[in-house]
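K.L.:
model this:
(one chain, ligands or ions: 1)
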Amino acid sequence: MGLKQRAFDWLDLRLGVRDILQQNLTHYLLPRNINVWYTLGATLLVLFSLQFITGIFLLVYYIPNTEQAFASVQRIMNDIPYGWLVRFLHATGSNVVILVLFLHMLSTLYMAAYKRPREITWIFGFLIFLVSLAMSLTGYLLPWSQLSYWATTVATESAGATPVIGEAMIHFLRGGPAVGEFTLGRFFALHVMGLPLIFALLAGGHLFCVRRIGVSRPPFGPDYLPEAPGTSFHHTDHSGGIPFFPNYVVKDLMVIAFFLTLLAAGAFFAPQLSLPPEAFEPADPFRTPPGIKPEWYFLAAYQLLRILPNEFLGLVVQGGAVAFLLFLPFIDRGPERRPGRRPLFLGLFIVGLAGFLILTVWGYLS
Ligand code: HEM
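P.N.:
Presented below is the predicted three-dimensional model:
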């Protein structure tokens, strides 16, 4: 018996590893008509892990104070071996992660995977999405560049449109009247500790729900019928389906390879997409650079605030959209999941997505 086999048997005797692997890999069956969109969850796991790893490496040399932050990042870029690569991967990675988050959310939305019994899975997912946006926002400030400083000034300013407590909110977010050392301190604490902790708890909850309930059957094909709501818990199993390992893992790996290639291409050939020229100038509170814009995923929200007659109205619309999406499983409750048979949902989905894209492009161009 080889050493590998002996080690495996040793572990199996103590922890029943063979059983765990069978249950979660070869005997874990997925729906026969499963599609490529179900690979995005696994892709997110890989991309987020990479963000954590590159983030930890950056943390080794990054110094979180206004005097030294910018210089410490320049040192990472210029003096530390492969520091530039780690930084470009982290900055480009944040954009790829948000892109895949959007795709994962849109596909589960389109296939109505948020419906009973997956309401809690959706809520965990949507909270992860909000935390991820907060991670991007807080991370943006850390290099203390002109881009960091002014993008954060603009972003925190919009909270000022809240009636009565607007000023207090700005003060609370910034730790003072203007973006400064206290803003950097709290954003740093949130970015490297507070938010990742919340993120890990939420991601654990999300994955627990996914595994406990079982993935949904895609609502397509001639023999699809909506599930009747049960009166007791049952795991959705897919007898006669395809095994997760090796069959679906191969598909997962293909999509993961695609997004890693996109990430590498971005980091090597187009880092300026994530880090425009203002990211290479130190923060100067007395010089506002022309045309500072938030990241692409905040452009729709930013443009909405600019086109509505009053900023408070913009905040209400944004808050309403977030609340609507968060509680969607409790608003849209019928068992039907086939998009073709849900014209109201499909109409809203298309209008919502088109509106978001139009506002994003408009925000970019104006
Ligand atoms: C770090 C972020 C996330 C990770 C690692 C993650 C991971 C996963 C995984 C592995 C699955 C099962 C396979 C699949 O359908 O892809 C899944 C399913 C699901 N995810 Fe996520 N997810 C994340 C974020 C989100 C977000 C932002 C939402 C929505 C707002 C969401 C909603 C859902 C739903 C509803 C399902 C059930 C799909 C089904 O059973 O058909 N997830 N997620």
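K.L.:
how close does residue 226 sit to residue 336?
P.N.:
In this view, residue 226 and residue 336 are 5 Å apart by CB to CB, to the nearest Å. C-beta: built from backbone N, CA, C; applies to glycine.
K.L.:
for the longest helix anywhere in the chain, the distance to its chain's centre please.
P.N.:
Ranked by residue count under DSSP state H, the longest helix found in the chain is helix 83-110. Remark: helix 83-110 is offset 7 Å from the chain centroid, using CA atoms, centre = their mean, to the nearest Å.
K.L.:
Going along the chain from that helix, find the next helix or strand for me.
P.N.:
Going down the chain from helix 83-110, the next helix or strand is helix 119-141, by DSSP states H and E.
K.L.:
Please identify the buried residues of that next one?
P.N.:
119-129, 131-141 (16 or more other CB atoms under 10 Å).
K.L.:
do the same with stretch 200-215
P.N.:
202-203, 205-206, 209-210, 213-215.
K.L.:
quick check, that stretch touching the ligand?
P.N.:
Yes - using CB under 6 Å from any ligand atom, we find that stretch 200-215 touches the ligand at 203, 206, 210, 215.
K.L.:
Output the set of residues of the stretch 151-300 of the chain in proximity to the ligand.
P.N.:
203, 206, 210, 215-216.
K.L.:
can you redo the residues you listed as TSV with secondary structure and pLDDT?
P.N.:
Shown next, in TSV, are these (DSSP: H, G, I helix; E, B strand; the rest coil; pLDDT from 0 to 100):
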residue	secondary structure	pLDDT
203	helix	98
206	helix	98
210	helix	98
215	coil	97
216	coil	97
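K.L.:
Redo these as CSV? Include distance to residue 275.
P.N.:
Converted to CSV, these look like this (distance: CB to CB, whole Å):
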residue, distance to residue 275
203, 27
206, 30
210, 34
215, 37
216, 39
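K.L.:
contacts for stretch 28-44?
P.N.:
97, 100-101, 103-104, 107, 111, 210, 215-218, 220-221, 224, 237-245, 247-248, 251-252, 254-256, 259 (CB atoms under 8 Å, 6 or more residues apart in numbering).
K.L.:
7 Å instead?
P.N.:
100-101, 103-104, 107, 215, 217-218, 220-221, 237-244, 248, 251-252, 255-256, 259 (CB atoms under 7 Å, 6 or more residues apart in numbering).
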